[in-house]
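Asker: Sequence first, predicted coordinates after that:
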Amino acid sequence: KIQITSLDTKKMKEAEAFIMELITKAGGGRGGGRGGGGGGREPRPAYVGPDAVEGQVYKGKITGIHQFGVFVEILPGAEDGSTPGLEGLCHVSELHYERVRNCEGFIKSMGVEELEVKYIGKNAKGQLQLSRKAVQEDRRNRGRKSSGGGGGGPNKKSEEEMKQPEMSKDESDVIAQAIEGISSL
C-alpha cells in the first residue's frame, strides 16, 4: 500500500496518476524482474554465430574487468550490432600460472585490450570458461619439447623439466607494476 498526503488536491491527483502509471507499467507493483512479471528490460539477444571449439585458442576483446576475472568476447557478433558476440569468463585463477591478487590492476598494467585465451568448456550454468594460463602452459610445454628432453627413460624427468617455470621480463614487469599500483592506494 502507498499512502500520500497533501493539502494541494491538484498535486495529490498528479501524484496518484503517476504512481498508478508506474504500477501498471511495472507489472502490478511487484518491483523489478525478480518479483515475477516485472517489466523492465527486454531479454538480451542471443549469440547466433558458430560455436566455440573446446581446446581452441582465441584472441578476444576484453569486455569487462572485475575482481573475480575478465570477460572476453572470443567470437564477434553481427557487424550491425544486432546480436552480441560470444563471450566467456577468464576467472582470476586462470589469468596467470602464478597467483593474481588484483585482477583489475594486473590487466590494466598489461596495457592490452585483447587477451589470448583457450576455451576450456562450459560451467554448470552453460557459461563459457576461458583460460589464459592454459595458453601460457601450452607455450612453455612446446618450448620444452623442442629443446630436446634427454634420454633418461620414459618415467624420468630431466632437470630442466623439474625446474619451476621462469617468467619473462614482460611478465615480471607487469606484476611489478600491479604491485606498485596496489601500494599507491
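Answerer: Everything's here; your move.
Asker: so where's this structure uncertain?
Answerer: Within the chain, the stretches falling below the threshold (pLDDT under 70) are 1-3, 26-40, 146-167, 183-185.
Asker: Please enumerate the helices of it.
Answerer: According to DSSP state H, the chain carries its helices in the segments 9-25, 103-110, 132-146, 159-162, 169-183.
Asker: most neighbours per residue, which of the ones you listed?
Answerer: For those, the largest average neighbour count (mean count of other CB atoms under 10 Å) is found in helix 103-110, namely a mean of 19. C-betas here are computed from N, CA, C, even on glycine.
Asker: Adding distance to residue 88, write the helices of the chain out as CSV.
Answerer: Shown next, in CSV, are the helices of the chain (distance: least, CB to CB, whole Å):
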stretch, distance to residue 88
helix 9-25, 35
helix 103-110, 15
helix 132-146, 12
helix 159-162, 31
helix 169-183, 22
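Asker: what about those helices, which gets the closest to residue 121?
Answerer: Using CB to CB as the measure, helix 132-146 is the one of the helices of the chain that comes nearest residue 121, at 11.0 Å.
Asker: Return the distance of the closest one from the chain's centre.
Answerer: Between the centre of helix 132-146 and the centre of its host chain there is 23 Å, according to CA atoms, centre = their mean, to the nearest Å.
Asker: of all the helices of the chain, which lies closest to residue 55?
Answerer: Using CB to CB, the nearest of these to residue 55 is helix 132-146, at 8.9 Å.
Asker: Give the other helices and strands that the closest one contacts.
Answerer: When contacts are defined as 3 or more CB pairs under 8 Å, 6 or more residues apart in numbering; DSSP states H and E, helix 132-146 sits against strand 114-122.
Asker: follow-up on the earlier one: which of the helices of the chain sits closest to residue 61?
Answerer: Taking CB to CB as the measure, the helices of the chain were each checked against residue 61, and helix 103-110 came out nearest at 12.6 Å.
Asker: Could I have the CA atoms of that closest one written out in PDB?
Answerer: Output of helix 103-110 as PDB, limited to C-alpha atoms (Å, rounded to 0.1, in the frame of the first residue of the first chain):
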ATOM      1  CA  CYS A 103      42.800  -8.800 -11.400                       C
ATOM      2  CA  GLU A 104      41.900  -5.300 -12.300                       C
ATOM      3  CA  GLY A 105      45.400  -4.000 -11.600                       C
ATOM      4  CA  PHE A 106      47.000  -7.000 -13.400                       C
ATOM      5  CA  ILE A 107      45.000  -6.400 -16.600                       C
ATOM      6  CA  LYS A 108      45.400  -2.600 -16.500                       C
ATOM      7  CA  SER A 109      49.200  -2.900 -16.000                       C
ATOM      8  CA  MET A 110      49.400  -5.200 -19.100                       C
END
